[in-house]
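J.: Build me a model:
(2 chains)
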Amino acid sequence: GAVVSQHPSWVICKSGTSVKIECRSLDFQATTMFWYRQFPKQSLMLMATSNEGSKATYEQGVEKDKFLINHASLTLSTLTVTSAHPEDSSFYICSARGDGGTQYFGPGTRLTVL
Amino acid sequence: QKEVEQNSGPLSVPEGAIASLNCTYSDRGSQSFFWYRQYSGKSPELIMFIYSNGDKEDGRFTAQLNKASQYVSLLIRDSQPSDSATYLCAVSRAAGNKLTFGGGTRVLVKP
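T.: The predicted structure follows:
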């Protein structure tokens, strides 16, 4: 149990385009999901907390207009990187909060912006 | 000072030995503590969590928490080459709240 999926697993796009990443909790409902970003040889940095049916809470320094988060159902949250640039290239990982508060991580999405 | 600090390593241990990983945190309000393992190019996977002072054992893993010293550790007994990975310490103010990660300790288990 407690499986979280992400789609796509990797994406390459041109600078200036937008990319949408999906995060799904497959066998449980998650009112809260989290989006992280990890640059090479660095740890995970929380970008935002996504709550079903309400606006996401962004961490300091994360542009909410650039990283659009939608959590429309109890099993799906999406992250859209708008007008992506090479510096946005990173490993984006979501997690979903399960029973007891434990966070279960998705497999991650590797974004490369050319 | 970083909120959660770990020695980056690499920590090199021979197969079958005990690997000891340490983590210190600065927020005294932290109540929940987690250890994750991350293989290169993969997302983290939960090894175990601990909420109370003392030791918690799960198979070959033992987590130790000392809130007064703001210190949490992870012991890996009978280390295997498959344990070679980066181990991330994460803390939160309450279970289910946002996690703050340390930089991770890279562990290399040599056959």
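J.: Now the spatially most central residue of chain A: closest residue in space, sequence neighbours ignored.
T.: The centre of chain A sits closest to residue A:35, judged by Cα atoms, centre = their mean, with a distance of 3.8 Å. In this structure, residue A:35 finds its nearest non-sequential neighbour in residue A:47, 4.6 Å apart by Cβ to Cβ, 6 or more residues apart in numbering or on different chains. C-beta: built from backbone N, CA, C; applies to glycine.
J.: what's the neighbour count on that neighbour?
T.: 24 (other Cβ atoms under 10 Å in any protein chain shown).
J.: and it, what are its phi and psi?
T.: Dihedral pair for residue A:47: phi -100, psi -50, per degrees, to the nearest 10.
J.: list the contacts for it?
T.: Residue A:47 is in contact with A:35, A:36, A:37, A:58, A:59, A:62, A:67, A:79, counting by Cβ atoms under 8 Å, 6 or more residues apart in numbering or on different chains.
J.: Output those residues in TSV; the columns should cover distance to residue A:95.
T.: Formatted as TSV, those follow (distance: Cβ to Cβ, whole Å):
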residue	distance to residue A:95
A:35	8
A:36	7
A:37	12
A:58	16
A:59	14
A:62	16
A:67	16
A:79	12
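J.: Quick check: ChimeraX command selecting the buried ones in those residues.
T.: Buried subset of the contacts of residue A:47, written as a ChimeraX selection, criterion 16 or more other Cβ atoms under 10 Å in any protein chain shown:
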select /A:35,36,37,58,62,67,79
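J.: For stretch A:81-91, report the contacting residues that lie outside it.
T.: Residues contacting stretch A:81-91 (Cβ under 8 Å, 6+ apart): A:13, A:15-21, A:37-39, A:65-68, A:92, A:108-114.
J.: per-residue confidence for the residue nearest to the centre of chain A?
T.: Looking at residue A:35, its pLDDT is 97.
J.: Residue B:1 too?
T.: 67.
J.: just the one 3 residues further on next, same as before
T.: pLDDT for residue B:4: 95.
J.: these two touch, right, it and residue B:88?
T.: No - using Cβ atoms under 8 Å, residue B:4 makes no contact with residue B:88, being 9.0 Å away.
J.: Touching both of these two, which residues are there?
T.: B:101, B:102.
J.: So what are the sheet partners of the strand or helix carrying residue A:93 and their directions?
T.: Taking DSSP states H and E as the criterion, residue A:93 maps to strand A:90-97. The pairing partners recorded for strand A:90-97 under DSSP bridges are strand A:32-38 (antiparallel), strand A:103-105 (antiparallel), strand A:109-113 (antiparallel).
J.: Adding distance to residue B:21, write these out as TSV.
T.: As requested, the strands paired with strand A:90-97 are exported to TSV (distance: least, Cβ to Cβ, whole Å):
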stretch	distance to residue B:21
strand A:32-38	19
strand A:103-105	19
strand A:109-113	27
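J.: Would you mind listing the outside residues contacting whichever helix or strand residue B:63 is part of?
T.: Element membership of residue B:63, judged by DSSP H and E, is strand B:61-66. Applying Cβ under 8 Å, 6+ apart, the external contacts of strand B:61-66 come out as B:33, B:35, B:47-56, B:71-77.
J.: how about the residues of chain A that lie near chain B?
T.: A:32, A:34, A:42-46, A:49, A:93, A:97, A:100-108 (Cβ under 8 Å from any Cβ of the partner chain).
J.: Lovely, talk soon.
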